[in-house]
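Trainee: model the following, please.
(chains A and B)
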Amino acid sequence: MEQPLTQHIKKDGSVLSLKEYEAVGGYQGLKKALKMTPKEVMQMVKDSNLRGRGGAGFPTGMKWSFVPMDDHAPHPKYIVANGDEMEPGTFKDRVLVEGNPHQLIEGMIISAYAIQADISYIFLRWAYHEAAKRVEVAIHEAYQAGYLGERIAGSDFHLEMHLHTSVGRYMCGEETALLNALEGKRANPRSKPPFPQVSGLFGKPTIVNNVETFNNIPHIIDKGTEWYQALSKSPDGGGTKLYGVSGHVKKPAIWELPLGVSLRELIEEHAGGMMDGYKFRAALPGGASTDFLTEEHLDVAMDFTNVMKAGSRMGTGTVIVLDDKTCPVGMVLNLEKFFAQESCGWCTPCREGLPWTAKILDAIENGRGMMNQLDILSFETVYMAPGNTFCALAPGAMEPLQSALKYFREDFERHIKEHKCPWD
Amino acid sequence: MSVVFSEKKLNRVKELVSHYPDGKQKSALIPVLHLAQEENDGWLSVEWMDYVAGLLQMTPIEVYEVATFYSMLNTKPIGRYVFEVCQTGPCMIKGSDDIIAYIGEKLGIKPGETTKDGMFTLKKVECLGACGYAPMMQLGKNYREHLTKEKVDAIIEECRKEARQIKEN
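Mentor: You can find the predicted model right below:
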């Protein structure tokens, strides 16, 4: 089984230096890309069927294709790596950035070449100190080696790259909010259209991709689209995927696996199954803003289409396991408090609706609930459905809630009838 | 009281500003506020925010807007050691509520409070991206993972010891 993204990450936790990265084929993809036209590079990424790894799964090549490429296109154009990683349950990008920062940098340079960008930023959450330190060193090394700056690797292409460290807030993961944060403003989302590809950072054409997405690019260019497609077990997209499992499992961790492995394989094989004394109850397949899946869904392939068919989303591909010793109402309350806390307050349904949701769940969890509140919660999931809010935060927050109301109805009712949490 | 950056920090500000196109120095606001926070025992006073506004040619209100929005910028005094304990989903499943309650009990403070001697602040924070190593917290620039009550005891002792050593020197 090939693991192009993680195979060179050192087990001792230390960083792969530029020399070490070059010794295992690093920057070969960039050298190949610079001999192609930007259009050919973009076409290869389209043909690879790489889909964004930040949660939405949008085809990367198609995303890039909306950037104006004619001679009169506005400049500077920007490339931004989204390293905000704050979707609860998600801890995959840190592994890549800490272990092999040059792979990210190389992916960004190739992407920048494809859209003819001039300036690039790695937007990293402040909490990832070690990653930030390593990125700074790696950017410096890349400049020294001629992979950044003027006339990159002897070509006519030039690119600036900088690290931008942020200071918290889940909203920064939303690409237009991230751009506001990068402009030194509150991370409120922007209205779309215009899309960032046309009017992004400082009003110029901008591509924002997730860290893991960029990490795929050097390999696609270096080894070709056929090889890349074959890495995946799913017709749904090319490549491998960084999957993870957290919760009461024996070996919670991150693994690079073919796209499309089953939820069962992740939990039972890679995570070693449930810890002794705990039973599997349900799982959020791709972070807090995805619907619960239950035992009947364990054989679902973890790709974009199949998880959606099962009623959820693959999201970031990092699974949170709910066990029988954890109260599902308490867990949903915890998540809704998170979303309420992280709402930027820009639009009313989210700003008012999420605290209201959390308040009702708090009443139910603590034995003060009433049966009609279950109908109110169901109404909330419609009230904050996609299309009713400014961005995807509140609709995402409704996903664990709506599925909890479906799968854990009896647990909600027991809280109300018994006037207490049965798990207390 | 007027506040200023040292020359070294001013150079760092210049460098940060140079990362963005001309006229877009406002983009350096968040990293510069971080420098100011480091300079002022971990929090941003109005004086510091006004000073940063001047440095980046912004109005003070633009700086206040940002400083009050982001969770890792503090606009109130904060302890020397800040225990930022993750309370979100995966950490909650692995018992973060108990860890938070235990730290609070040990230090005699509630989440959001600072001990009277200014030594410790307890904060409940949202997902820090270490879900496989739960429960966990951030202390300064480091992550402390797989927390247990025994580990918490050791960390508190470690902080006290370090503070004593700094005082003695």
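Trainee: pull up the distance across stretch A:162-177, start to finish.
Mentor: 19 Å (Cα to Cα, to the nearest Å).
Trainee: so residue A:111 is in which element?
Mentor: helix A:101-115 (DSSP states H and E).
Trainee: and that helix, how far out from the chain middle?
Mentor: 18 Å (Cα atoms, centre = their mean, to the nearest Å).
Trainee: element containing the most far-flung residue of chain B relative to its centre?
Mentor: For chain B, the C-alpha farthest from the mean C-alpha position belongs to residue B:22; by Cα atoms, centre = their mean, that distance is 30.0 Å. Assessed by DSSP H and E, residue B:22 sits outside every helix and strand.
Trainee: returning to that earlier point: near chain B at all, the helix holding residue A:111?
Mentor: No: contact between helix A:101-115 and chain B is absent, the nearest approach being 15.0 Å (criterion: Cβ under 8 Å from any Cβ of the partner chain). In this view, the C-beta of every residue, glycine as well, is placed from N, C-alpha and C.
Trainee: re the thing from before, now do the residue farthest from the centre of chain B against chain A, distance only.
Mentor: Note on residue B:22: its distance to chain A, by Cβ to the nearest Cβ, to the nearest Å, is 11 Å.
Trainee: so what pLDDT did that residue get?
Mentor: Per-residue pLDDT puts residue B:22 at 96.
Trainee: same thing with residue A:281?
Mentor: For residue A:281, pLDDT reads 98.
Trainee: isn't there a strand covering it?
Mentor: Yes: per DSSP: H, G, I helix; E, B strand; the rest coil, residue A:281 lies within a strand segment.
Trainee: I'd assumed residue A:320 was in contact with it.
Mentor: No: counting by Cβ atoms under 8 Å, residue A:281 does not reach residue A:320; the two are 11.4 Å apart.
Trainee: which of the two has more neighbours?
Mentor: More neighbours surround residue A:320 than the other of residue A:281 and residue A:320, with 29 against 22 (other Cβ atoms under 10 Å in any protein chain shown).
Trainee: pLDDT on stretch A:77-87, on average?
Mentor: Averaged across stretch A:77-87, pLDDT comes to 96.
Trainee: tabulate the CA atom coordinates of it in CSV.
Mentor: Taking C-alpha atoms only, stretch A:77-87 is exported to CSV below (Å, rounded to 0.1, in the frame of the first residue of the first chain):
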residue,chain,number,x,y,z
LYS,A,77,-2.9,36.8,-7.7
TYR,A,78,-2.7,34.8,-4.4
ILE,A,79,-2.5,31.3,-3.2
VAL,A,80,-3.4,30.5,0.4
ALA,A,81,-3.0,27.3,2.4
ASN,A,82,-5.8,26.8,4.9
GLY,A,83,-4.1,25.4,8.0
ASP,A,84,-6.7,26.6,10.5
GLU,A,85,-7.7,23.0,11.3
MET,A,86,-10.3,23.6,13.9
GLU,A,87,-13.1,21.2,12.9
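Trainee: quick one, strands of the stretch 101-250 of chain A?
Mentor: Per DSSP state E, counting those that start in this stretch, the stretch 101-250 of chain A carries strands over the ranges A:119-125, A:160-166, A:206-210, A:240-246.
Trainee: could you break the chain into its assigned domains?
Mentor: In the absence of a named chain, this looks at chain A. Following automatic domain parsing, chain A resolves into domains at A:18-230, A:240-323, A:328-418.
Trainee: not what I meant, chain B
Mentor: Split by automatic domain parsing, chain B gives B:7-69, B:81-168.
Trainee: is chain A within reach of the last one?
Mentor: Yes: under the criterion of Cβ under 8 Å from any Cβ, chain A is reached by domain B:81-168 at B:87-90, B:92-94, B:125-134, B:138, B:141-143.
Trainee: can I assume residue A:163 is in contact with residue A:137?
Mentor: No: Residue A:163 is beyond contact range of residue A:137, at 10.2 Å (criterion: Cβ under 8 Å).
Trainee: which one's more surrounded, the two?
Mentor: Applying other Cβ under 10 Å to residue A:163 and residue A:137 shows that residue A:163 carries more neighbours, namely 20 against 14.
Trainee: residue contacts, that one?
Mentor: Residues in contact with residue A:163 (Cβ atoms under 8 Å, 6 or more residues apart in numbering or on different chains) are A:121, A:122, A:124, A:132, A:135, A:136, A:139.
Trainee: which residues does the third one contact?
Mentor: For residue A:124, the contacting residues are A:83, A:84, A:97, A:131, A:132, A:135, A:163, A:164, A:165, A:166, by Cβ under 8 Å, 6+ apart.
Trainee: which non-adjacent residue is nearest the first one?
Mentor: Excluding its sequence neighbours, the residue lying closest to residue A:83 (Cβ to Cβ, 6 or more residues apart in numbering or on different chains) is residue A:124, at 4.1 Å.
Trainee: any idea how far that neighbour is from residue A:80?
Mentor: 11 Å (Cβ to Cβ, to the nearest Å).
Trainee: cool, and residue A:123?
Mentor: Taking Cβ to Cβ, one finds residue A:123 at 6 Å from residue A:80.
Trainee: can you check residue A:143 too?
Mentor: On the measure of Cβ to Cβ, residue A:143 and residue A:80 end up 19 Å apart.
Trainee: which of the two has more neighbours?
Mentor: The neighbour comparison of residue A:143 against residue A:80 (other Cβ under 10 Å) goes to residue A:80, with 24 against 13.
Trainee: ok so, going back, shared neighbours of residue A:123 and residue A:80, which are they?
Mentor: A:178, A:182.
Trainee: picking that back up, by neighbours, which of the contacts of residue A:124 wins?
Mentor: residue A:83 (31 neighbours).
Trainee: wait, doesn't that residue sit right on residue A:125?
Mentor: Yes: shown here, residue A:83 and residue A:125 form a contact pair, counting by Cβ under 8 Å, at 6.6 Å.
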